[in-house]
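**Student:** can't give you the sequence, but here's the structure:
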């Protein structure tokens, strides 16, 4: 009975973990790059410069504050879901998650050296990275994850093809309209 239950429940959790890892792998770096571009604005450049020069425990506060500030928005999203406004709740939760990930990624890249000078943070960071590697390796070998990853990759490829197809079609139609308008003007 236990083995049947395990076989039944493992694939959904693997798929959920695959989606979480997909979010982590595919969005962390692009969000960090986006925040770096936004950080080039004059006021934010000054703020980032200040954050990058802060002492280690102030850097830790800068690293923790965005997550603490956005936690109520995530809870608000869960509240909306519990009240029957699922779309609003999911949108609120995901927006808070994306903004929080972007801020944490950027602040971590600015304060990484200072944070790793804190002994307990360095040990915790090492443990989290080892655990993350273990989970990634385990999931990457699981057949349900491989199928989910293949489906997501195929979906991404198809969406890219659709975008290219739509763009090609729109450009072709625009050129045809432009040629027809020029012919009428003659």
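**Tutor:** Here it is on my side, so go on. Small disclaimer: the values here were computed from a predicted structure and weren't measured. Numbers count the residues shown, from 1 in each chain.

**Student:** and the helices in this protein?
**Tutor:** Under the criterion DSSP state H, the chain contains helices at 2-38, 42-53, 56-82, 86-116, 119-141, 143-185.

**Student:** reformat those as TSV; add mean pLDDT and mean neighbour count.
**Tutor:** In this view, the C-beta of every residue, glycine as well, is placed from N, C-alpha and C. As requested, those are exported to TSV (pLDDT from 0 to 100; neighbours: other C-beta atoms under 10 Å):
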stretch	mean pLDDT	mean neighbour count
helix 2-38	73	13
helix 42-53	84	13
helix 56-82	88	15
helix 86-116	86	17
helix 119-141	86	11
helix 143-185	75	11
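
**Student:** residues touching the spatially closest residue to residue 94 that is not a sequence neighbour, list them.
**Tutor:** Nearest residue to residue 94 in three dimensions, chain neighbours excluded: residue 77, at 7.7 Å (C-beta to C-beta, 6 or more residues apart in numbering). Each residue near residue 77 by C-beta atoms under 8 Å, 6 or more residues apart in numbering is listed here: 88-94, 96.

**Student:** how about these, which pair is most distant?
**Tutor:** Farthest-apart pair in these is 88 and 96; separation 12.5 Å (C-beta to C-beta).

**Student:** distance of residue 130 from residue 115?
**Tutor:** To residue 115, residue 130 is 17 Å away according to C-beta to C-beta, to the nearest Å.

**Student:** which residues touch stretch 58-65?
**Tutor:** Residues outside stretch 58-65 that contact it (C-beta under 8 Å, 6+ apart): 51, 54, 104, 107-108, 111, 114-115, 118, 121.

**Student:** of all those, which comes closest to residue 66?
**Tutor:** residue 104 (5.7 Å).

**Student:** hmm, the closest one is touching residue 69, no?
**Tutor:** No. Using C-beta atoms under 8 Å, residue 104 is not in contact with residue 69, being 11.1 Å away.

**Student:** distance of residue 177 from residue 185?
**Tutor:** 13 Å.

**Student:** go on, residue 65?
**Tutor:** Distance, residue 65 to residue 185, using C-beta to C-beta: 61 Å.

**Student:** over to residue 16?
**Tutor:** Between residue 16 and residue 185 the computed distance is 59 Å (C-beta to C-beta).

**Student:** what's near enough to touch the residue positioned nearest the centre of the chain?
**Tutor:** Against the mean C-alpha coordinate of the chain, by C-alpha atoms, centre = their mean, the closest residue is residue 27 at 3.2 Å. Neighbour list for residue 27: 98, 101 [criterion: C-beta under 8 Å, 6+ apart].

**Student:** same check on residue 116?
**Tutor:** Residue 116 sits next to 122, 125 when contact means C-beta under 8 Å, 6+ apart.

**Student:** mind redoing it with 10 Å?
**Tutor:** Shown in contact with residue 116 (C-beta atoms under 10 Å, 6 or more residues apart in numbering): 56, 122, 125-126.

**Student:** and for residue 74?
**Tutor:** 67, 92-97, 100.
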